[in-house]
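Peer 1: Quick one, structure for this:
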Amino acid sequence: MPSRRSHRKSRHGCIACKRRRVKCDERQPECSNCLNRSTECVYAPRDEWMQPPQTENSSGRRKSPTTSSTPPSLGWMGSSDPLPQAPELNLSNMELLLQWCSSTYATMAHDQQFEDLYRWVLPKEGLEYPFVLHGLLALSALHIARTSAPVSRTRYFSIALEHQNRALALFRPVLPSINRENSHPIFLFASLLLQLTFAIPPCSPLMANHDSVQDLIQAFTLCRGLREILGASWNWVREGKLADVFTQVDDTKHWPLPETVEVALSQLKSLNETRGGQFGDHDVDCYGAAISHLKDMMEIYQDKPRRVELALRWPFGLESKYLKLLKENDPMALVILAHYCLVLHHFRHHWWMEGWSLRVARSIWDHLHEPWRPYVSWVVNEVGLEV
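Peer 2: So this is what the prediction gives:
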């Protein structure tokens, strides 16, 4: 019987051959075994340069250094086994997270407490509840789109929509089972979603084709929907880890309005009452409630002029009937909405609110027939719209 053919032992074979425990001919870039099997051929990096030098003893024989000669922190370097492959980094998401933590968070907050909420609490909640993280990344992408060169704007806008859609897909299944534990991330995502609703239209490449009144109505409808969703969990949110934030939100006072605004709202109230006496189908109570609530909200932000979230108080308190009238382009409802443009104009310096007052005022002006336009001419002038 012929003797078994010996072969040179080597530790430098490819990973696939080592795994199969077969001899590798170490051909580059692919060994014969992998070539024949049509499998990926990968070689582990040779690590002789990492090995500590051998020493000679008194008899002239070489001996390997003792374990103590290799620093413990570098012990892993002496192994010839291939290291586990690390997962690929999602550089796009990392860019957006860096954008959030370095810049975007500060544009959403008005003081140190809210900055801490946006910068630290939101990302931490996002690690446990991915819909929060996707919402955060969507806002970051929109912020980049809003502030970058036109050539990059469409790309980041598309990325933002992808994250928003993913966030909503993860958010919806959670809604039927709101409890004390998940009420906080649900509330935080609801806040992000409202900001996204305002941020998306100005960043859209199709902005010129939008009806801004309908865009605003969509945001208002979302406010009412979120109010109903959060209604059952409101006390959990107020009494939990966000209690300090709500304490500050509740600490508001009513301050006198500028005289010109006071006069404009008084005239709006008089118009409502006059038309109520002239037309039987004119809903004085519905319009009156919208006007009164708008006045209250405007008095509050006189005390807290940087509190941009106050701009959302009015739509949260609107009646469904008023929203229905707005959708139908009812002229009285549009005139009231025009006065809300004063609020949007006040917060125009926030990138996600920028331009809303002008676009909505323009849309209202275009929807109204000539007899109604004098009732909004002062507002149109205040927000800087040229008609």
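
Peer 1: Domain boundaries for the chain, per the record?
Peer 2: 103-245, 259-383 (the TED database).

Peer 1: Ends of the last one, what's the gap?
Peer 2: Between the opening and closing residues of domain 259-383 lies a distance of 17 Å (Cα to Cα, to the nearest Å).

Peer 1: hey, where'd the strands end up in this structure?
Peer 2: 55-56, 62-63 (DSSP state E).

Peer 1: and the first one, average pLDDT?
Peer 2: In this model, strand 55-56 has an average pLDDT of 44.

Peer 1: So which residues make contact with stretch 87-94?
Peer 2: With Cβ atoms under 8 Å, 6 or more residues apart in numbering as the contact definition, stretch 87-94 has outside contacts at 137, 159. In this view, the C-beta of every residue, glycine as well, is placed from N, C-alpha and C.

Peer 1: just for the stretch 51-200 of the chain, where's the confidence low?
Peer 2: 51-83 (pLDDT under 70).

Peer 1: related to what we said a few turns ago, can you redo the domains of the chain as CSV with mean neighbour count and distance to Thr39?
Peer 2: Rendered in CSV, the data for the domains of the chain read as follows (neighbours: other Cβ atoms under 10 Å; distance: least, Cβ to Cβ, whole Å):
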stretch, mean neighbour count, distance to Thr39
domain 103-245, 18, 34
domain 259-383, 18, 51
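
Peer 1: Those into CSV, with extra columns for distance to Lys23?
Peer 2: Output for those, formatted as CSV (distance: least, Cβ to Cβ, whole Å):
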stretch, distance to Lys23
domain 103-245, 47
domain 259-383, 64
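
Peer 1: Tyr301 is in contact with Arg307, isn't it?
Peer 2: Yes. Assessed by Cβ atoms under 8 Å, Tyr301 is found in contact with Arg307 at 6.1 Å.

Peer 1: could you pull out the helices for the stretch 251-387 of the chain?
Peer 2: Under the criterion DSSP state H, counting those that start in this stretch, helices of the stretch 251-387 of the chain are mapped to 259-278, 284-303, 313-316, 320-327, 331-346, 356-367, 377-382.

Peer 1: Relative to Ile144, which of those is closest?
Peer 2: Taking Cβ to Cβ, helix 356-367 is the member of those nearest to Ile144, at 19.7 Å.

Peer 1: Show me what that closest one packs onto, helices and strands only.
Peer 2: Other helices and strands packing on helix 356-367, by 3 or more Cβ pairs under 8 Å, 6 or more residues apart in numbering; DSSP states H and E, are helix 183-203, helix 212-231, helix 331-346, helix 377-382.

Peer 1: what does the shortest one contact?
Peer 2: Same thing as helix 377-382. By Cβ under 8 Å, 6+ apart, the list of residues contacting helix 377-382 from outside reads 260, 264, 338-339, 341-342, 345, 361, 365, 387.

Peer 1: Pick the one among these closest to Lys295.
Peer 2: Sorting these by how near they are to Lys295, with Cβ to Cβ, puts His339 at the top with 9.3 Å.

Peer 1: Just put the helices of the stretch 251-387 of the chain in TSV and tack on mean pLDDT and distance to Ser38.
Peer 2: TSV is the format used below for the helices of the stretch 251-387 of the chain (pLDDT from 0 to 100; distance: least, Cβ to Cβ, whole Å):
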stretch	mean pLDDT	distance to Ser38
helix 259-278	95	76
helix 284-303	91	68
helix 313-316	89	61
helix 320-327	95	61
helix 331-346	96	62
helix 356-367	96	58
helix 377-382	96	71
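
Peer 1: out of the ones you listed, which comes closest to Leu242?
Peer 2: helix 313-316 (17.0 Å).

Peer 1: what's that closest one in contact with?
Peer 2: Outside of helix 313-316, the residues that reach it under the criterion Cβ under 8 Å, 6+ apart are 219-220, 223-224, 227, 293-294, 297, 300, 340, 343.

Peer 1: Turn those residues into JSON lines, including distance to Ser233.
Peer 2: Putting the contacts of helix 313-316 into JSON lines (distance: Cβ to Cβ, whole Å) gives the following:
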{"residue": "Ala219", "distance to Ser233": "22"}
{"residue": "Phe220", "distance to Ser233": "21"}
{"residue": "Cys223", "distance to Ser233": "16"}
{"residue": "Arg224", "distance to Ser233": "16"}
{"residue": "Arg227", "distance to Ser233": "12"}
{"residue": "His293", "distance to Ser233": "24"}
{"residue": "Leu294", "distance to Ser233": "27"}
{"residue": "Met297", "distance to Ser233": "24"}
{"residue": "Ile300", "distance to Ser233": "24"}
{"residue": "Tyr340", "distance to Ser233": "28"}
{"residue": "Val343", "distance to Ser233": "27"}
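
Peer 1: Closest one to Ile159 out of those residues, please.
Peer 2: Checking the contacts of helix 313-316 against Ile159 by Cβ to Cβ gives Ala219 as the nearest, at 21.5 Å.

Peer 1: residues contacting the nearest residue to that closest one once chain neighbours are set aside?
Peer 2: Leaving out its chain neighbours, the residue that sits closest to Ala219 by Cβ to Cβ, 6 or more residues apart in numbering is Thr197, at 4.5 Å. Under the criterion of Cβ under 8 Å, 6+ apart, the contact partners of Thr197 comprise 218-219, 222.

Peer 1: Quick check: Thr197 vs Leu136, distance?
Peer 2: In this structure, Thr197 and Leu136 are 15 Å apart, going by Cβ to Cβ, to the nearest Å.

Peer 1: Please apply the same query to Leu161.
Peer 2: When Cβ to Cβ is the yardstick, Leu161 and Leu136 sit 15 Å from each other.

Peer 1: Same question for Asn329.
Peer 2: Asn329 sits 35 Å away from Leu136 when distances are taken as Cβ to Cβ.

Peer 1: again with Leu318
Peer 2: From Leu318 over to Leu136 the distance is 28 Å, taken as Cβ to Cβ.

Peer 1: do Leu91 as well
Peer 2: Here Leu91 is placed at a distance of 17 Å from Leu136 (Cβ to Cβ).

Peer 1: And for Leu127?
Peer 2: For Leu127, the distance to Leu136 (Cβ to Cβ) stands at 11 Å.

Peer 1: so which of the helices of the stretch 251-387 of the chain comes closest to Pro185?
Peer 2: Using Cβ to Cβ as the criterion, the shortest distance between Pro185 and the helices of the stretch 251-387 of the chain is 19.9 Å, found for helix 313-316.
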